[in-house]
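**Q** kindly generate the corresponding structure for this input.
(2 chains)
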Amino acid sequence: MEEKERNKKYRIWIKAFAAFLVFMWLCTVISKSIYVSGLPRVQTKQTERKYIEHIVEAEGIIIEGGEQAVNTLPGLRVQKIYAKKGDRVEVGDVLFQIDTADLRSMIADQEAAIHQMNYQLADLEFNQTLAEQNKEINRLWAEEDYESADRRTAVDVERAEAAVQEAQRALDAHLQEGFPMTSEEDRRMAEEKYTTWAARLKSLQDAITQQERVVEELERQLAEGKKLPTLSGTAESKAEEEAGNAETSEDNEESEEPEDKKEGNDTEDSDDKKEENSVRDSEDKREGNGGEDSDDAGDDTETIADELEAARQELTRLEKELEAHYRNAVEKPDFSLEDSGYKLWQQETENLRKAVQNAEYARQDAVAARNSALQQEARDVANSLVPDRLDSSVEQLRLQLAEMQKELSTYYALLKCDGKVTSVSGGTVTNILISTGGRTSDTAALLLTEDETPCQFRLTITKEQKKYINIGDSVDVTLANDGTKISLTVDYLTESTAGMGYYDLYMELPQGVGQPGIVGSVSQSVQGELRGCCVPIDALYSENDRYCVYVVKEKEGILGTELYVERIDVKVLDKNERYAALEEGALSSEDKIITYATEPIKRGDTVRYME
Amino acid sequence: MKGKHLVEICIKLLFIMMGIVICMPVFFVITGSVMGSYDLEECLAPVFREGQGFVTWKLIPDYPTIEHYGKLLFQTPQFFVLFWNSMRMTGLILAGQLLVGVPAAWAFAVYQVRGSRLLFGLYIVLMLMPFQVTMLSSYLVLSRLSLLNTQLAVILPAVFSTFPIFLTYGGFRELPAELFEAARIDGAGELYIFLRIGLPLGKGGMLSAFVLGFLEYWNMLEQPLAFLEDQALWPLSLYLPQISWTQAGFAFCASVIMLLPAVFVFIIGQDYLEQGIVYAGLKG
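**A** Here you go, the predicted structure:
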């Protein structure tokens, strides 16, 4: 029993364990299916070698090759417009009609304006003539003033020149006359002579004075019967000294004196030397005799008497010499008068020079004044000859008048046609720039095509397409109306007014082909280079102006080999709507590039292949 | 009498408390598997804040949820891959041990051959060696056999493990030798005796070896980590460490699921497990 119950328990638990395992198996399947179903599914492709073909597909329209304008006079009121846009008109067809009543009114206004202008013209012509006459008169007066100034200033200059010459003559005469003047050398010699004479005089006077003293002393001594003291030696020594000084001064001047004066000085020197010698002799004697005082008094008295006699003789001699000296007195030179006279002469000379200078200045002033006056008068003459400012108002008025008359004649012609404006050539109306009831402007009223000029085909392309079609390229155009295919050459390329990044190509159609307004299309294939690494355009992702592709790679995980996404940055060399050529090196030929994914993918995402 | 009764009650209470404490980790795992992210963050905040403070726990969560179970069971195929890896490896190991270890244990237990005791002693020594000791030599041998990074690198060494031989040997040793003699006299061959007498009577030891083997190989960590490089070959025991701490609820849920097979096996083989422990305690 126990065994049975135990076995039953075991069976229950085994069943429970089995159920658990089944449950786990179910969960395995469910979780894996949920996981797998959540994986993005991708399609991949490998790189290929391709030519990147560029197909330019665009649409265009035929436009008129040329336009001609239908003009009329501005300001006319339009009564009725007969032509419509797109209408084909021939020569003589009425395009629009002008209001005749308004035209008549305009004609009347025009005629009045013409009359007014004629009056204005007459006034202007008369004023012009009057101005010319005034100008001529001014010219004559200016020339006359010039001649008058010339004469007047010439006289002034002549006078000034004469004054200069006169002053110069006076000065020359004064200088020629000169002033007798002792030369400096003569003056110096006279001074020296006088100085010598005065020195000599003084020396003689001194010598005489001394000698007189000596005589007096001797007389006294004689009277007293005593020996002369050495007082005579003092007098002698003084005389010698003075004589020596006189010699010295004379010697210094000897070299400068002329010979005759030297001789005179020599004479004087010899006299002085004689005097010295005599004084020295008497002194020597006295000295020689000095030791003999004690000899005898009697001898002393004789000696003294002898000396007295000698002294008296000497004195007499000196006095005579003095007298002779006085007789040969040299007057003290006095040049003061001469100097003052010279000063006066100099002053006079200076005054004459100033007079000459003043006369010269006056002459120069006169010349300058003449030049200035002549210059001024010449300018006045030149001014009078300057032509007047151009005034073309008369001519302008004449032209305006002609224009108005021409306009008037046009009004008359239009009035004659009852205001109807007709076409002068055949063509299609492309634009009507006037409106019924409005007034015509100075621009064209209507625009017509020119039959002689062939139409153009205008093709609008994008900036990207512009790389493949250029001026000179040949394109095939298919016209929409009848499917005609024409091969055209691109003549012109310009930026389009349709918007930024668009360009208009213009191609001339053959004569007589197409009409403005017909649309056409272009499908042009341009083959590029052979590229070794091309991927479908769907595989290319761009982010911040950088391109990348996603490739599928394998990784080992818990679930085994799984596929995951790897991002590879690439550089695009060329691309069209289907393929992109990439720079080689980034991708290998074995790389599986994701071209399509059921969900947005990013780097690292686990993916699976699409069945 | 009363005192004796009281002592018995106290002892019982003590054992109950110890049992609760021992079972607490299981409670944490089960409650944590139904906790929401808010509750887990609040309780495990010290773990996220690098160890400041203490972890708290709620046995009854504020905001219980089964989203982790839903995510694990229906949105995580990786878990099931590893689960079946574990089931496969464990099953093959146990099957291999049945084919190799049981006959070896029968031979040791029944036939007294010269040197058998020595060989059995060697088996015991090998059984006592931890994996780390034999890891390098095992690696070299497996590398030479080109079995590295295959599940056979884990299965084959486990198949030839000595522990199940030891446990099965104990069971076979309990069988009386006279029974075998009687069978031989009746004309039974050795294979007949082994298959019709030995296996049925010795299943206690075998099943205990199987239960213990299942528990051991269901949770093995070092061998797969050392010998298996591809994550697709890993057992479930290596999946849990891959889950980050920020997915604590998910990790608890995976732990609960991983625990269940072991619980089943344990309940089924509980009686035989006790017998095996007894046999292991008996000396040959």
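**Q** so what pLDDT did residue 242 get?
**A** Since you didn't name a chain, this refers to chain A. We have a pLDDT of 50 for residue A:242.
**Q** chain B was what I was after
**A** Residue B:242 is given a pLDDT of 73.
**Q** so which bits of the stretch 51-200 of chain B are right by chain A?
**A** Counting by C-beta under 8 Å from any C-beta of the partner chain, the stretch 51-200 of chain B comes close to chain A at B:73-84, B:87. The way it works is simple: take the backbone N, C-alpha and C, and place the C-beta from them, glycine included.
**Q** just those residues: which are in strands?
**A** Among those, no member falls in strands (DSSP state E).
**Q** of all those residues, which two lie farthest apart?
**A** B:75 and B:87 (20.6 Å; C-beta to C-beta).
**Q** residue A:481: which element?
**A** Using DSSP states H and E, residue A:481 sits within no helix or strand.
**Q** for residue B:259, that is, sorry about that
**A** Here residue B:259 is assigned to helix B:248-268, by DSSP H and E.
**Q** by contact count, what packs against that helix?
**A** With contacts defined as 3 or more C-beta pairs under 8 Å, 6 or more residues apart in numbering or on different chains; DSSP states H and E, helix B:248-268 has these neighbours: helix A:2-38, helix B:2-33, helix B:37-43, helix B:67-75, helix B:77-110, helix B:203-218.
**Q** switch the cut-off to 7 Å
**A** Judged by 3 or more C-beta pairs under 7 Å, 6 or more residues apart in numbering or on different chains; DSSP states H and E, the packing partners of helix B:248-268 are helix A:2-38, helix B:2-33, helix B:37-43, helix B:67-75, helix B:203-218.
**Q** the second one: which residues count as buried?
**A** Same thing as helix B:2-33. Under the neighbour-count criterion of 16 or more other C-beta atoms under 10 Å in any protein chain shown, helix B:2-33 has B:28, B:29, B:31, B:32, B:33 buried.
**Q** out of those residues, who's nearest chain A?
**A** Within these, proximity to chain A (C-beta to the nearest C-beta) peaks at residue B:33, which comes in at 15.3 Å.
**Q** give me the pLDDT for the closest one.
**A** Looking at residue B:33, its pLDDT is 91.
**Q** verify the contact between it and residue B:256 for me.
**A** Yes - because the distance of 4.9 Å satisfies C-beta atoms under 7 Å, residue B:33 is recorded as touching residue B:256.
**Q** return the residues of chain A in contact with chain B.
**A** For chain A, the residues in contact with chain B (C-beta under 7 Å from any C-beta of the partner chain) are A:10, A:13-14, A:16-17, A:20, A:24, A:27-28, A:30-32, A:34-35, A:556-560.
**Q** check residue A:311 and give its pLDDT.
**A** Note for residue A:311: predicted pLDDT of 88.
**Q** does anything pack onto the helix or strand it falls within? Which helices or strands?
**A** Residue A:311 belongs to helix A:297-327 when assigned by DSSP H and E. Where contact means 3+ C-beta pairs under 7 Å, 6+ apart, helix A:297-327 is packed against helix A:184-224, helix A:259-290.
**Q** got the buried residues for that helix?
**A** Quick answer for helix A:297-327 (16+ other C-beta under 10 Å): A:300-301, A:303-304, A:307-308, A:310-312, A:314-315, A:317-318, A:321-322, A:325.
**Q** among the residues you listed, show me the least confident.
**A** By pLDDT, residue A:300 ranks lowest within the buried residues of helix A:297-327, coming in at 71.
**Q** thinking again about what came up before, rebuild the helices and strands packed on helix B:248-268 as a markdown table, extending it with distance to residue B:96.
**A** Shown next, in a markdown table, are these (distance: least, C-beta to C-beta, whole Å):
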| stretch | distance to residue B:96 |
| --- | --- |
| helix A:2-38 | 20 |
| helix B:2-33 | 31 |
| helix B:37-43 | 41 |
| helix B:67-75 | 31 |
| helix B:203-218 | 10 |
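**Q** confidence-wise, which of these is weakest overall?
**A** helix B:37-43 (a mean of 82).
**Q** avg pLDDT for the helix or strand that that helix is followed by?
**A** Moving toward the C-terminus from helix B:37-43, the next helix or strand (DSSP H and E) is helix B:45-48. When pLDDT is averaged over helix B:45-48, the result is 74.
**Q** check which residues of helix B:45-48 are buried.
**A** Of the residues in helix B:45-48, none is buried (16+ other C-beta under 10 Å).
**Q** can you check stretch A:26-35 too?
**A** Neighbour-count burial for stretch A:26-35 [16+ other C-beta under 10 Å]: A:27, A:28, A:31, A:32, A:35.
**Q** same thing with stretch B:138-154?
**A** Counting neighbours by 16+ other C-beta under 10 Å, the buried set in stretch B:138-154 is B:138, B:142, B:147, B:148, B:150, B:151, B:152, B:153, B:154.
**Q** ok, the residue in the stretch 451-600 of chain A positioned nearest to chain B - how many residues close by?
**A** Nearest residue of the stretch 451-600 of chain A to chain B: residue A:558, at 4.0 Å (C-beta to the nearest C-beta). If you count neighbours by other C-beta atoms under 10 Å in any protein chain shown, residue A:558 ends up with 21.
**Q** now the closest residue to it other than its chain neighbours: how far from residue B:226?
**A** If the residues on either side of it in the chain are set aside, residue A:558 comes closest to residue B:78, at 4.0 Å by C-beta to C-beta, 6 or more residues apart in numbering or on different chains. Residue B:78 sits 21 Å away from residue B:226, going by C-beta to C-beta, to the nearest Å.
**Q** cool, residue A:507 as well?
**A** Separation of residue A:507 from residue B:226 (C-beta to C-beta): 80 Å.
**Q** please apply the same query to residue A:373.
**A** Distance from residue A:373 to residue B:226, by C-beta to C-beta: 131 Å.
**Q** equivalent analysis for residue B:143, please.
**A** Distance from residue B:143 to residue B:226, by C-beta to C-beta: 11 Å.
**Q** returning to what we had before: of all the helices and strands packed on helix B:248-268, which one is nearest residue B:250?
**A** helix B:67-75 (5.0 Å).
**Q** list the buried residues for the closest one?
**A** B:68, B:69, B:71, B:72, B:73.
**Q** just the closest of those residues to chain A, please.
**A** residue B:73 (4.4 Å).
**Q** OK, contacts around that closest one?
**A** A:27, A:31 (C-beta atoms under 7 Å, 6 or more residues apart in numbering or on different chains).
**Q** and residue A:25, by the same measure?
**A** No contacts exist for residue A:25 under C-beta under 7 Å, 6+ apart.
**Q** can you count the residues close to residue A:497?
**A** 8.
**Q** ignore the last one, residue A:411
**A** 21.
**Q** sticking with it, tell me its helix or strand.
**A** Assigned by DSSP H and E, residue A:411 belongs to helix A:393-416.
**Q** only the buried residues of the next helix-or-strand element following that helix, if you could.
**A** Downstream of helix A:393-416, the first helix or strand assigned by DSSP H and E is strand A:420-422. By neighbour count on 16+ other C-beta under 10 Å, the buried set for strand A:420-422 is residue A:421.
**Q** and what of stretch A:206-215?
**A** For stretch A:206-215, by 16+ other C-beta under 10 Å, it's A:206, A:207, A:208, A:210, A:211, A:212, A:213, A:214, A:215.
**Q** show me the longest helix that occurs in chain A.
**A** Longest helix in chain A, counting residues (DSSP state H): helix A:100-177.
**Q** so what secondary structure elements neighbour that helix?
**A** If contacts are counted by 3+ C-beta pairs under 7 Å, 6+ apart, helix A:100-177 sits against helix A:336-385, helix A:393-416.
**Q** in JSON lines: the ones you listed, plus distance to residue A:572.
**A** Shown next, in JSON lines, are these (distance: least, C-beta to C-beta, whole Å):
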{"stretch": "helix A:336-385", "distance to residue A:572": "80"}
{"stretch": "helix A:393-416", "distance to residue A:572": "66"}
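**Q** weakest of these in terms of mean pLDDT?
**A** helix A:393-416 (a mean of 90).
**Q** name the helices or strands packed onto that one?
**A** Using 3+ C-beta pairs under 7 Å, 6+ apart, helix A:393-416 sits against helix A:100-177.
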